[in-house]
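*Asks:* all I have is the shape, not the residue letters:
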DNA sequence: GGCGGAACTTGTTTTAGCGCAAGCTCCCAG
DNA sequence: CTGGGAGCTTGCGCTAAAACAAGTTCCGCC
């Protein structure tokens, strides 16, 4: 296997506190894999053979009910730890992860998790924080779904996406990967149709700028007001 | 401080793998506190001074928006670890925990968490699993809220409560603590009114039996069918 | 370069369940 | 044992948003 240089994980927060030697030790068990756009990194229900760190690209994590209803659990950006099912005592992945653009991830066999955390307690602490902040996010989402109108939820979702994966463009912030109305609907618990209507209305008012699988926020501040309920 | 005997934590899963000596070491830093019904163990936004294990009773964990909207995040039963904000790198508690019946909890100063987990890695692993399964639950809840009708969600909520805190009674399973329609509404993202209507209808059909802050499931199997969407 | 389908838009109809309002019941305090 | 209030029930209208239903546009592929 090609040796992995530790410089490739310079921007991975969970490894930040480790020494160069420790990093090398960890990396020597890792494999680097390329996932082309639209391919899956792991599948819901599949055996949790590995855990991962995303080096480059973006993933969409989605969850499907037995009845076929689907939601987007979250998007993963470069530098994030994901697929730690094993650490949560799960034998199978609880969701599916799909590359929304060509992506690269490091992977380790799940079986190594106990040894690695034993040797590097910072890893366990980091994972706990990662999972904890995801729990926070998910609880906030429940709160949003209980208390906010669809329009507010969509505004929140866009702002969060922009924060996580926004790229400054000429007149606004563009979400840096292809995202459909359907995806936004599955993030906010609504339908493709309603999202389309809302975005059309916002486009009229110059708040956003659309396109096929493309969203640019032209007036994030106004969107924030809508998200907070000040809007109209 | 009165010494705590290790027998009191015999039924706490997170401590299950520890030796008697280790347990004694951990317990000697713990305080046992009694929380009368309706008192709060910690408050949303308050400084995260301690983490806890519930020895006896039941807690309701709730979260409030700036606008005053409230949801029930979950219920805590005896044996569970809770209030581990510190471990998730939070300085303040993200929710409020209220005793729904007279309860007893062990508490440790948050500051001890790093040392305890360093000394007893099983603790960190256990906390990770606890937080992980909460994340699972919360994600399932989002999925439910996106894809199910209110009636199904209420059925799911009752079944979950019964599983977690059900007590066999003459003709069914009773939720083992006082719970109002409002509470169920806040668990399922609906209103007191709708829950009341649904429970009334179910009572007519003999599926449940109500009362002031009291719910008895008389036909869990039928409720399960409703929860799964087979109903009506 | 045109064909096919995925992504999106937009209009109309329908409905779940929320908001409001009124009244009931049971528990507890005085 | 009586009064007050918390918890609950129930009726009614309304509305946000889902469902249903046609399109239109754009992109990649043969």
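*Replies:* Okay, I see it. Quick caveat: nothing in here was measured; it's all calculated off a predicted structure.
*Asks:* longest helix anywhere in chain A?
*Replies:* Criterion DSSP state H: the longest helix present in chain A is helix A:121-147.
*Asks:* how about whichever helix or strand comes after that helix and DNA strand D, touching?
*Replies:* The first helix or strand that comes after helix A:121-147 along the chain, using DSSP states H and E, is helix A:150-165. Yes. Remark: helix A:150-165 sits within contact range of DNA strand D at A:150, A:151, by CB under 7 Å from any atom of the strand. Every residue, glycine included, has its C-beta placed from N, CA and C.
*Asks:* what sits up against helix A:150-165?
*Replies:* In this structure, residues lying in contact with helix A:150-165 by CB atoms under 8 Å, 6 or more residues apart in numbering or on different chains are A:58, A:75, A:77, A:144-145, A:148, A:173, A:175-177, A:179, A:184, A:187-190, A:194-195, A:198-199, A:208, A:215, A:217, A:220, A:223-224, A:226-229, A:231.
*Asks:* go with 6 Å
*Replies:* For helix A:150-165, the external contacting residues (CB atoms under 6 Å, 6 or more residues apart in numbering or on different chains) are A:77, A:144, A:173, A:175-176, A:187-188, A:190, A:194, A:198, A:217, A:223, A:226-227, A:229.
*Asks:* in strands only, show me those.
*Replies:* A:77, A:173, A:175, A:217 (DSSP state E).
*Asks:* related to what we said a few turns ago, which of the contacts of helix A:150-165 sits closest to residue B:90?
*Replies:* The shortest distance between residue B:90 and any of the contacts of helix A:150-165, using CB to CB, involves residue A:144 and amounts to 19.2 Å.
*Asks:* could you find the closest non-adjacent residue to that closest one?
*Replies:* residue A:153 (5.5 Å; CB to CB, 6 or more residues apart in numbering or on different chains).
*Asks:* confidence score at the closest residue to DNA strand C within chain A?
*Replies:* Relative to DNA strand C, the nearest point of chain A is residue A:180 (2.9 Å; CB to the nearest atom of the strand). The pLDDT attached to residue A:180 in the predicted structure is 97.
*Asks:* show me what contacts the nearest residue in space to residue A:131 that is not next to it in sequence?
*Replies:* With CB to CB, 6+ apart as the criterion, residue A:131 has its nearest non-adjacent residue at 5.1 Å, and that residue is residue B:131. Residues near residue B:131 by CB under 6 Å, 6+ apart: A:131, A:132, A:135.
*Asks:* per-residue pLDDT of the second one, please?
*Replies:* So the one you mean is residue A:132. At residue A:132, the pLDDT value in this model is 96.
*Asks:* tell me, how many residues neighbour the closest residue to residue A:146 other than its chain neighbours?
*Replies:* With CB to CB, 6+ apart as the criterion, residue A:146 has its nearest non-adjacent residue at 3.9 Å, and that residue is residue B:189. Residue B:189: 20 surrounding residues under other CB atoms under 10 Å in any protein chain shown.
*Asks:* what about the nearest residue to residue A:138 once chain neighbours are set aside, how many residues close to it?
*Replies:* With CB to CB, 6+ apart as the measure, residue B:138 is the residue that lies nearest to residue A:138, at 4.3 Å, once sequence neighbours are left out. One way to gauge burial is a neighbour count; for residue B:138, by other CB under 10 Å, it gives 21.
*Asks:* correct me, but residue B:138 touches residue A:136?
*Replies:* No. With the criterion set as CB atoms under 6 Å, residue B:138 and residue A:136 do not qualify as a contacting pair; they are 9.6 Å apart.
*Asks:* and the pLDDT at the closest residue in space to residue A:84 that isn't next to it in sequence?
*Replies:* Setting aside the residues directly before and after it, residue A:84 is nearest to residue A:51 in space (CB to CB, 6+ apart), at 4.8 Å. According to the per-residue confidence, residue A:51 scores 97 in pLDDT.
*Asks:* what angle sits between the strand or helix carrying residue A:51 and helix A:121-147?
*Replies:* Remark: residue A:51 resides in strand A:50-56, with elements defined by DSSP H and E. Angle, strand A:50-56 to helix A:121-147, by axes from the mean of the first three to the mean of the last three CA atoms, to 10 degrees: 80 degrees.
*Asks:* now strand A:50-56, how far from the chain's geometric center?
*Replies:* For strand A:50-56, the distance from its own C-alpha centre to the chain's C-alpha centre is 12 Å (CA atoms, centre = their mean, to the nearest Å).
*Asks:* next one: stretch A:100-119
*Replies:* On CA atoms, centre = their mean, the centre of stretch A:100-119 falls 16 Å from that of its chain.
*Asks:* just stretch A:144-153 next, same as before
*Replies:* In terms of CA atoms, centre = their mean, the centre of stretch A:144-153 is found 20 Å from the chain centre.
*Asks:* is it anywhere near DNA strand C?
*Replies:* No. Stretch A:144-153 stays out of contact with DNA strand C when judged by CB under 7 Å from any atom of the strand, the minimum separation being 8.8 Å.
*Asks:* got the end-to-end distance for that stretch?
*Replies:* Chord length of stretch A:144-153, first to last residue, is 7 Å (CA to CA, to the nearest Å).
*Asks:* now stretch A:205-221
*Replies:* Counting by CA to CA, you get 13 Å between the two ends of stretch A:205-221.
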